[in-house]
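[1] what would the 3D arrangement of this be:
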Amino acid sequence: MSIIVKKTIASCIILILTMVMSACGKDTSMVEEIANKQDGTIQGTAEVESKLQDNDEKNETDIEETKDINDVDVDLTVLSSTMVYSEVYNMMVNPDVYLGKTIKVIGPYYAGQLVYGTEKYYHFVVISDATACCQNGIEFIWDDNSHVYPDEYPKDNTVIEITGVFSSYEESGNTYYYLKADGITIK
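    Presented below is the predicted three-dimensional model:
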C-alpha cells in the first residue's frame, strides 16, 4: 500500500473514533437495546428514529428538572481547572453577560481589606488555573453582609462552595462585581 492510502485509512479510523467518543456522556442504553435486538436483520429507520427521539425527549425533561432543582446557570464546580479559570476570566472581561445569572463556585476562601484602616472586609473565593500560577478572585457578599467577620466566616484558605447571583455595586466611582450568596458550604 502506498503511504497516501495508509494515511487516508488512518485518518478515517481517527475520524470514526472521534465520532464514537463524542457520544460519551449521552445515554446509550437505547442504542445498546436496539443493537442487542438485531438478529441479522435491519430494523426500520422510522422505528429507530422514534425510539431515539423518545430518548432525546426524556433527556431534555431530565435536564429541565435538574435545572429547576439546582437553579444554577453557570456551575464552575463541574469544570476542569483550565475551563474554570477561563470562565472566571471571561466573567471579569465580560461581566454584563453574567449579570443576574446564578453561579456556583468552589475554591479557597480569603478575606481582605482593600482600604487599610477601615473596618470593611471583602470576601473572595479564589480560582487558580491548571498550573496554579495565575489566580482570579470572585468577590462574594454573604446574606447582604449580615454576618460578622471574622467570627462567622471560615479561616483563610478554607475550601468553600457558594452559589450566588452575579451582581454589581458602585463604590468610590468604580463598578465592582460579586456573587450575592445565601450561604457558604465548607468542603
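[2] can we go C-alpha only for contacts and neighbour counts from here?
    OK.
[3] okay, now the domains of the chain?
    Domains of the chain are assigned by automatic domain parsing as 31-70, 74-186.
[4] got those domains as a markdown table, with mean neighbour count and mean pLDDT columns?
    A markdown table is the format used below for those (neighbours: other CA atoms under 10 Å; pLDDT from 0 to 100):
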| stretch | mean neighbour count | mean pLDDT |
| --- | --- | --- |
| domain 31-70 | 11 | 48 |
| domain 74-186 | 16 | 92 |
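[5] counting by contacts, list what the helix or strand harbouring residue 111 packs against.
    Applying DSSP states H and E as the criterion places residue 111 in strand 102-112. Secondary-structure packing of strand 102-112 (3 or more CA pairs under 8 Å, 6 or more residues apart in numbering; DSSP states H and E): strand 74-75, strand 122-128, strand 159-171.
[6] for residue 95, which of these is the nearest?
    Nearest to residue 95 among the helices and strands packed on strand 102-112 is strand 159-171; the distance by CA to CA comes to 8.5 Å.
[7] could you check the angle the strand holding residue 111 makes with strand 122-128?
    Between strand 102-112 and strand 122-128, the angle comes out at 110 degrees (axes from the mean of the first three to the mean of the last three CA atoms, to 10 degrees).
[8] other residues contacting strand 102-112?
    For strand 102-112, contacts defined as CA atoms under 8 Å, 6 or more residues apart in numbering pick out 71-77, 121-127, 154-166, 179.
[9] adjacent strands (with direction) for that strand?
    strand 74-75 (parallel), strand 122-128 (antiparallel), strand 159-171 (antiparallel) (DSSP bridges).
[10] between those strands, which one is closest to residue 82.
    Taking CA to CA, strand 122-128 is the member of the strands paired with strand 102-112 nearest to residue 82, at 8.4 Å.
[11] send the alpha carbons of the closest one over as PDB?
    Output in PDB follows, covering the C-alpha atoms of strand 122-128 (Å, rounded to 0.1, in the frame of the first residue of the first chain):
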ATOM      1  CA  TYR A 122     -14.100  42.000  51.300                       C
ATOM      2  CA  HIS A 123     -14.600  38.200  50.900                       C
ATOM      3  CA  PHE A 124     -13.300  36.100  47.900                       C
ATOM      4  CA  VAL A 125     -13.300  32.600  46.500                       C
ATOM      5  CA  VAL A 126     -10.000  32.200  44.700                       C
ATOM      6  CA  ILE A 127      -9.800  30.300  41.400                       C
ATOM      7  CA  SER A 128      -6.400  29.100  40.100                       C
END
